[in-house]
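Peer 1: I'd like to go over a predicted model; first the sequence, then the structure.
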Amino acid sequence: MNYGLQLLLITLGFGSITFWIYQRKSQVPNTDMTRIIVGTNAEYPPFSFKDHDGEIVGFDIDIVKEVGKRLNRTIVLQDMSFTMLLPKLQSGSLQIVATGASPSPEREKQVFFTKPYLMNDPLVIITRADHAPLKTVADLTGQEVIVNDGFTADLYLSAFTGPIIKRLPTVADAFLTLISQRADAFVSARTSIEPFFEHADRSKFTICQLPDITDSYVLLVSRKFPELLARVQQALDAMEQDGTIATIKQKWNLS
Amino acid sequence: MLRVHNLKKTFGAKNIIADISFTVDHGQIAVFLGSSGVGKSTLLRILNNLESLDGGAITLDGKPLDISRVNQDHTVGMVFQQSNLFDHLTIEENITLALIHVMKKSEKEAKDITHSLLAKYGLLDQAQKYPAQLSGGQRQRVAIIRTLAMKPKVICFDEPTSALDPLLTNYVAQNLQELANEGYIILIATHDTAILDKLDAAIYLMQDGMIIETANSKEYAKNPRAYPLIHQFVLGEKNQN
Amino acid sequence: MINFTLFSTYSNEFIQGTLLTLKIASIGCLIGITGGILLALIQTNIKGPFSWLVAIYTTIIRGTPMLIQIMFVYFLLPELGLKLSDVWSAIIAIGLNSSAYVSQIIRSGINTVGTGQREAAYVLGLTHFQTIRFIILPQAIRAVLPALGNELITLIKDTSLASTIGVMELSKRAYFVQTRTFDVLGVYGIVAAIYLVITSVLSLLVYYLEQRMNRNVTRS
């Protein structure tokens, strides 16, 4: 096959791919007004996780389903890893992400945040019962402290130079490492660790609340759908007003 | 003088070397002639402790020869059919390696010995080259030099002409004769009958692990028919070539 | 395609991550090659239980996921009395893993060295050990240099598994930046470029080394 023919085929190939990508990008994403595609990473109880039957359930799931009801649209849930959620939200293939996320100014450059519907979740320091209790950030100086990647505890503690921070992906990883004595403490929002104690012995651990810092939770909305953000926020405000959010919180033992 | 009495090697029920005896004095050449598989290479390999023997006695200059020490003591040396030079080392390094690490000579001493031997064989300008850059004939001379550097008493040559251009046969024969004249005991295993008339050697024709006829090469040249088995072998080889 | 503002804001993260990745990979590789040579020599020169032990070891290591091996070194070794930091746990696990693979590579290299040269060394009076050191190993390693280079490149990529025990190597640093900025594609672009630069430079080095070692040496 001569050079000329090869070059021609390559150009055609690349040309087709470029054209196809351009086509897809210029399409208005998901104009189906009867559904809302919601992405989640169902590995984070109590916000989003799978129950015994493999159904995706959780506090954030209930919130977003209720929002869907009020907007008269069906919620279609898609479960995927965290790193998949964001690019899809940005491209518009997902419209909302409900996965126990917390807001930050830097993150706001990439996505819309609703106002928080759950706030004042304290951060706690968990140590093994046989370890000296740690009560403040100062106590954590020189200690090996576990946080979960990207969670509020991570962002908060990273600003301090005292603690030796160890970042692990999940709550389960954190407890395993703590129990194996490969770290001194685990710092996390209280809601994230309560599910762990359903099956673990609380008396083996000491839990102290950190002063001056709490976590809050929001829904993420794709920047491709500004009008959706407004309507979702309206629905959330209404749910707050008429006590629906309080009911859902009670269901999941949150305050 | 190298005396070999009743050498024997078996493999299972088969006699690879059946019952071989011969003597070779300093300055003499012994040629073990035969087609492949007769045991001539095995004989040389036994003398170099590359194969074990199952029976027989060997003495060198009146004393029993401890085969297990022939390599360390540099009593016996071997030049292989394929030269077997170390491909990743220069010609100089091929020769100095054993001088330094086995004979424990200093680097300077080793290089001096190497250079004088290379010069003697006209290969001094190849000292920094690698085996792959040399011709087959040159590689063989390097292999000989590598063995000579160890100053052995006995040098074995396994098929010295087989890997080479037939035109080089004269040259190889000349080298072998010169080495004998310098006082080495030379043993050759070969099926190449062309070198016979270029050497003054004792011919031992072998078959099935035994010596079936002996002759002096010069005597044979004068009267081949007096040695019918050797003559038959020579004619046989000529017909094949 | 590459977001330079993102890179400069978080340049410390990316640079520290790259340095740690290189540190883990290079020490791991050193352990891998030294261990690999040792294991290969045992398997080719010693008959009996030592050899069998090596064969069992390489089978287990090559047959289990590296992730499990890292966990083992990090969580279980302390129970047996050896407590290493997370970085060193990763280095040791990766090094031991690599040695199992390298030993098989070197074994095949050793087998390419013909019996002729071994016999020549033998009749010259070189000891078994000297033959290995001067004749066999140098040629074995020359023969398998490309495979060894590939092993190093694979190691660079394997270091990302260390993130599971919290080691802040490059991929973990990337995740760190992602969670703070939510700019997944931007971060991936930068990190992919970094990995590509590292592996390309390594490939070139291996190629150069190979050329130098084999100049004039290959049998025609």
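Peer 2: The structure has been received and is ready for your questions.
Peer 1: how long is stretch B:19-36 end to end?
Peer 2: Using Cα to Cα, to the nearest Å, one end of stretch B:19-36 lies 18 Å from the other.
Peer 1: can you pull the buried residues of that stretch?
Peer 2: B:20, B:22, B:24, B:28-34 (16 or more other Cβ atoms under 10 Å in any protein chain shown). For every residue, glycine as well, the C-beta is placed using N, CA and C.
Peer 1: average pLDDT across it?
Peer 2: Across stretch B:19-36, pLDDT averages out at 92.
Peer 1: report how many residues lie close to the closest residue to chain A within chain C.
Peer 2: When distances are taken as Cβ to the nearest Cβ, chain C reaches nearest to chain A at C:Thr179, 2.4 Å away. Residues near C:Thr179, counting by other Cβ atoms under 10 Å in any protein chain shown, number 23.
Peer 1: for C:Leu202, same thing?
Peer 2: Applying other Cβ under 10 Å, we find 18 residues neighbouring C:Leu202.
Peer 1: and if you look at C:Lys157?
Peer 2: For C:Lys157, using other Cβ under 10 Å, the count is 14.
Peer 1: and it, that one's in a strand?
Peer 2: No. Counting by DSSP: H, G, I helix; E, B strand; the rest coil, C:Lys157 is not part of a strand but helix.
Peer 1: quick check: phi and psi at A:Tyr217.
Peer 2: Main-chain torsions, A:Tyr217, degrees, to the nearest 10: phi -130, psi 140.
Peer 1: what do you get for C:Val184?
Peer 2: Per degrees, to the nearest 10, the backbone of C:Val184 is at phi -60, psi -50.
Peer 1: if you drop the residues flanking it in sequence, what lies closest to it?
Peer 2: Of all residues not flanking C:Val184 in the chain, A:Leu86 sits nearest, at 4.5 Å (Cβ to Cβ, 6 or more residues apart in numbering or on different chains).
Peer 1: now whichever strand or helix holds the one you found: buried residues?
Peer 2: Using DSSP states H and E, the element containing A:Leu86 is helix A:82-91. Buried residues in helix A:82-91, counting neighbours by 16+ other Cβ under 10 Å, are found at A:82-83, A:85-90.
Peer 1: quick one, the helix or strand containing the residue of chain C closest to chain A and helix A:82-91 angle?
Peer 2: Assigned by DSSP H and E, C:Thr179 belongs to helix C:170-181. Helix C:170-181 runs at 40 degrees relative to helix A:82-91, counting by axes from the mean of the first three to the mean of the last three Cα atoms, to 10 degrees.
Peer 1: by mean pLDDT, which helix or strand of chain B comes out lowest?
Peer 2: helix B:228-240 (a mean of 84; mean pLDDT, DSSP states H and E).
Peer 1: OK, contacts around the most centrally placed residue in chain C?
Peer 2: In chain C, the C-alpha nearest the mean C-alpha coordinate belongs to C:Cys29, at 3.5 Å (Cα atoms, centre = their mean). By Cβ atoms under 8 Å, 6 or more residues apart in numbering or on different chains, C:Cys29 lies in contact with C:95, C:98, C:151-152, C:155.
Peer 1: am I right that it sits in a helix?
Peer 2: Yes. C:Cys29: assigned to a helix according to three-state DSSP.
Peer 1: what does chain C put close to chain A?
Peer 2: Contacts of chain C with chain A, taken as Cβ under 8 Å from any Cβ of the partner chain, map to C:74-75, C:78, C:86, C:164-166, C:168, C:172, C:175-176, C:178-185.
Peer 1: so who does C:Ile33 touch?
Peer 2: Contacts of C:Ile33 (Cβ under 8 Å, 6+ apart): C:98-99, C:102, C:148.
Peer 1: select from the residues you listed the one having the most neighbours.
Peer 2: C:Val102 leads the contacts of C:Ile33 on contacts (other Cβ under 10 Å) with 28 neighbours.
Peer 1: hmm, C:Ile24 is touching C:Ile92, no?
Peer 2: No. Applying Cβ atoms under 8 Å, one finds C:Ile24 not in contact with C:Ile92, separated by 10.2 Å.
Peer 1: and the two? Which one has more around it.
Peer 2: For C:Ile24 versus C:Ile92, neighbours defined as other Cβ under 10 Å are more numerous around C:Ile24 (25 against 20).
Peer 1: following the helix or strand encompassing that one, which helix or strand shows up next?
Peer 2: In the assignment (DSSP H and E), C:Ile24 maps to helix C:11-45. With elements assigned by DSSP H and E, the helix or strand that comes after helix C:11-45 is helix C:49-63.
Peer 1: what's whatever helix or strand comes next after that following helix packed up against?
Peer 2: Where DSSP H and E defines the elements, the next helix or strand beyond helix C:49-63 is helix C:66-71. The helices and strands touching helix C:66-71, judged by 3 or more Cβ pairs under 8 Å, 6 or more residues apart in numbering or on different chains; DSSP states H and E, are helix C:86-111.
Peer 1: and the angle for the helix it packs on with helix C:49-63?
Peer 2: Interaxial angle of helix C:86-111 relative to helix C:49-63 (the same axes, to 10 degrees): 120 degrees.
Peer 1: are helix C:86-111 and chain B in contact anywhere?
Peer 2: No. If you take Cβ under 8 Å from any Cβ as the test, helix C:86-111 misses chain B, and the best it gets is 12.2 Å.
Peer 1: what's the pLDDT at C:Ile141?
Peer 2: C:Ile141 is given a pLDDT of 88.
Peer 1: name the nearest residue to it, ignoring sequence neighbours.
Peer 2: Of all residues not flanking C:Ile141 in the chain, C:Gly109 sits nearest, at 6.4 Å (Cβ to Cβ, 6+ apart).
Peer 1: got a list of what that neighbour touches?
Peer 2: Here C:Gly109 is in contact with C:139-144 (Cβ under 8 Å, 6+ apart).
Peer 1: from those, which is closest to B:Asn94?
Peer 2: B:Asn94 has its nearest neighbour among the contacts of C:Gly109 in C:Gln139, at 13.1 Å by Cβ to Cβ.
Peer 1: and the closest one, helix, strand or coil?
Peer 2: helix.
Peer 1: show the average pLDDT along stretch C:27-43.
Peer 2: Stretch C:27-43 comes out with an average pLDDT of 94.
Peer 1: is stretch B:137-155 positioned near chain C?
Peer 2: Yes. Interface with chain C: stretch B:137-155 contributes B:143, B:146-147, B:150 (Cβ under 8 Å from any Cβ).
Peer 1: go through the residues you listed and say which is closest to B:His74.
Peer 2: Relative to B:His74, the closest of the residues of stretch B:137-155 next to chain C is B:Met150; by Cβ to Cβ it sits at 4.2 Å.
Peer 1: wait, the closest one sits on C:Leu124?
Peer 2: Yes. With contacts counted by Cβ under 8 Å, B:Met150 reaches C:Leu124, the gap being 6.6 Å.
Peer 1: between the two, which one's more packed in?
Peer 2: Neighbours of B:Met150 and C:Leu124, each counted by other Cβ under 10 Å, are more numerous for C:Leu124; the result is 27 against 21.
Peer 1: and that one, what does it touch?
Peer 2: C:Leu124 neighbours (Cβ under 8 Å, 6+ apart): B:71, B:77, B:97-98, B:102, B:146-147, B:150.
Peer 1: for A:Thr114, state which of the residues you listed is nearest.
Peer 2: Distances from A:Thr114 to those, taken by Cβ to Cβ, are shortest for B:Leu97, at 78.8 Å.
Peer 1: so for the host helix or strand of B:Ala215, mean pLDDT?
Peer 2: In this assignment (DSSP H and E), B:Ala215 forms part of strand B:210-216. For strand B:210-216, mean pLDDT is 90.
Peer 1: can you check stretch A:97-109 too?
Peer 2: 92.
Peer 1: stretch B:118-137 too?
Peer 2: pLDDT averaged over stretch B:118-137 gives 92.
Peer 1: contacts for that stretch next, please.
Peer 2: Contacts of stretch B:118-137 (Cβ under 8 Å, 6+ apart): B:83, B:85-92, B:94-95, B:114-115, B:138-139, B:141-142, B:144-145, B:163-165, B:168, B:171-172, C:216-220.
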